[in-house]
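Novice: Fold the following.
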Amino acid sequence: MIKIGEFAKICGTTTQTLRYYDSEGVLKADFVDKFTGYRLYSADAVEKYKQIIFYKELGFSLDEIKMMLSLTFEESKRFFVAKKEELNQKLKQLEQKISVLNKLCISPASCISASQPVIDQPFENDSKVIGRWKLLGALTNEAALTYEAYPTAQSENFSEIVLLPGGALAWNIFWSKGTVYRLSHKYRFAIPNSYSVIQRDEKNYMILQYISNSCIEQAQDPITLLFEQLDNIPYTENQIKKRIDSTDMAYEDDAQVLGCWEVCDFAAQPELFEPQIQSVAKENLVTVMIRFFVRGLCIKTFKTKHERTLRYTKGYVLNQSEQTAEKYFIRQIDSEDYLFVQHKSGDYTFGGKEPYWYVFKKVIL
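Specialist: Coordinates of the predicted model:
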């Protein structure tokens, strides 16, 4: 028989650990002296200790190991299968985190092009997820499908998602089997969110590992969200738009707006704009310039140096491809002319939100 101190040295552990394993019933001493309390172990206990450490390194809990040690290999198989599935899920989550971190290591300008390989990934179909999904909340118990409110998803436009056939991009969402990608305007890359689908009471539910902006900023684990499928309709992009403007307007010239206007701020409402107070830092403004020409042509310039050619008529900037008509007007404040132009992005067309306003000042080129 081997004394506990010697046994600990043989196994490369501590006597405290062995006493803990003994108290938990995982590795009990073969003999305990009732007078001195000394624990003694047999040579076979060394192999049993190695087996315990082997299972621990695979991620099994002591309770699971205790049970497994009393089972035959065939009886233990269900534990191995369950652990394999659990580790595969964790591996997928780790790969997603690594993907996000890789993109965070790239400069902001590079992040724009870095999202392209994600969009170009091969598509694998999953016909059962096509259609509309409504967020129920943050999942608290998968077995009972209980959940609690998760307001952050509303602010990040994730309270309802629509998955189009072929994984097509709809607003800021595209997908492939097992993953829903969210294009983040803040970080300018696609954030992967893994999902699984279960059926209860003839209803389909999606369990989605949601990586919010705060998860990235604070290095937190994904939030487990629960969605309920509302329908399985293969929508087109236009069918899921909540707001579509008429862009079929006759051209009316507007001499006052002609020329080049440089962005100075962004406002929720024009009446809230104050020239002496900067609401949004200029480096965070996506549109940096708008130029109006005769015959209804205008060009928006973005901070990425990209330019978009649009049409306008008096009072409206028209985007036929996006089906938006952005109102504009000029207001004089403290003897300075300011141009206010609505910003109708996916928040407006898909999210149904009221548009904010870009504020510009005229410049001489």
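
Novice: Please enumerate the strands of the stretch 101-250 of the chain.
Specialist: If you assign secondary structure with DSSP state E, counting those that start in this stretch, the strands in the stretch 101-250 of the chain sit at 131-141, 146-148, 160-163, 173-176, 179-184, 189-200, 203-210, 223-229.

Novice: OK, contacts around the most centrally placed residue in the chain?
Specialist: Within the chain, one residue has its C-alpha closest to the average C-alpha position: by Cα atoms, centre = their mean, that is Ile211, at 3.5 Å. Applying Cβ atoms under 8 Å, 6 or more residues apart in numbering, one finds that Ile211 lies in contact with 96-97, 100, 182, 191-193, 222-223. Just so you know, the C-beta spots here come from the backbone N, C-alpha and C atoms, and that holds for glycine as well.

Novice: Can you lay out the strands of the stretch 101-250 of the chain as JSON lines showing mean pLDDT, distance to Lys3 and mean neighbour count?
Specialist: Formatted as JSON lines, those follow (pLDDT from 0 to 100; distance: least, Cβ to Cβ, whole Å; neighbours: other Cβ atoms under 10 Å):
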{"stretch": "strand 131-141", "mean pLDDT": "95", "distance to Lys3": "47", "mean neighbour count": "17"}
{"stretch": "strand 146-148", "mean pLDDT": "95", "distance to Lys3": "51", "mean neighbour count": "13"}
{"stretch": "strand 160-163", "mean pLDDT": "93", "distance to Lys3": "63", "mean neighbour count": "21"}
{"stretch": "strand 173-176", "mean pLDDT": "92", "distance to Lys3": "59", "mean neighbour count": "22"}
{"stretch": "strand 179-184", "mean pLDDT": "86", "distance to Lys3": "55", "mean neighbour count": "21"}
{"stretch": "strand 189-200", "mean pLDDT": "89", "distance to Lys3": "50", "mean neighbour count": "18"}
{"stretch": "strand 203-210", "mean pLDDT": "95", "distance to Lys3": "49", "mean neighbour count": "20"}
{"stretch": "strand 223-229", "mean pLDDT": "95", "distance to Lys3": "48", "mean neighbour count": "21"}
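
Novice: any chance of those strands in a markdown table, with distance to Met1 too?
Specialist: Below are those laid out as a markdown table (distance: least, Cβ to Cβ, whole Å):
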| stretch | distance to Met1 |
| --- | --- |
| strand 131-141 | 48 |
| strand 146-148 | 52 |
| strand 160-163 | 64 |
| strand 173-176 | 60 |
| strand 179-184 | 56 |
| strand 189-200 | 51 |
| strand 203-210 | 50 |
| strand 223-229 | 50 |
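
Novice: Leaving out sequence neighbours, find the closest residue to Ala325.
Specialist: Beyond its immediate neighbours in the sequence, the residue positioned closest to Ala325 (Cβ to Cβ, 6 or more residues apart in numbering) is Asp245, lying 4.0 Å away.

Novice: Kindly report the same for Asp254.
Specialist: With Cβ to Cβ, 6+ apart as the measure, Lys314 is the residue that lies nearest to Asp254, at 4.1 Å, once sequence neighbours are left out.

Novice: Wait, the one you found touches Met249, no?
Specialist: No. No contact is recorded between Lys314 and Met249 when judged using Cβ atoms under 8 Å, the distance being 9.2 Å.

Novice: if I pick Val180, what's in contact with it?
Specialist: With contacts defined as Cβ under 8 Å, 6+ apart, Val180 is in contact with 161, 163, 173, 192-193, 195, 208.

Novice: again but with Gly5, I slipped
Specialist: Gly5 makes contact with Thr15, according to Cβ under 8 Å, 6+ apart.

Novice: one step back: out of the strands of the stretch 101-250 of the chain, flag the one nearest Gln342.
Specialist: strand 179-184 (21.7 Å; Cβ to Cβ).

Novice: Ile364: neighbouring residues, count only.
Specialist: A count of nearby residues for Ile364, using other Cβ atoms under 10 Å, gives 5.

Novice: follow-up on the earlier one: for the residue nearest to Asp254, list the residues it contacts.
Specialist: When the contact criterion is Cβ under 8 Å, 6+ apart, the partners of Lys314 are 252-254.

Novice: For ChimeraX, write the select line for the buried members of those.
Specialist: If you want just the buried ones from these in ChimeraX, going by 16 or more other Cβ atoms under 10 Å, the selection is:
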select :254
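
Novice: In TSV, list the contacts of Lys314 along with distance to Ala325.
Specialist: Below are those laid out as TSV (distance: Cβ to Cβ, whole Å):
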residue	distance to Ala325
Glu252	13
Asp253	17
Asp254	14
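
Novice: right, and out of the contacts of Lys314, which lies closest to Phe54?
Specialist: Here the nearest of the contacts of Lys314 to Phe54, counting by Cβ to Cβ, is Asp254; it sits at 77.5 Å.

Novice: Okay, now the unreliable bits of the stretch 51-200 of the chain?
Specialist: Low-confidence segments of the stretch 51-200 of the chain, defined by pLDDT under 70, are located at 99-100, 102-121, 154-155, 185-188.

Novice: same thing but 50
Specialist: Scanning the stretch 51-200 of the chain for pLDDT under 50 picks out 107-117.

Novice: now the helices: where do they sit in it?
Specialist: Under the criterion DSSP state H, counting those that start in this stretch, the stretch 51-200 of the chain contains helices at 62-68, 73-104, 108-119, 152-155.
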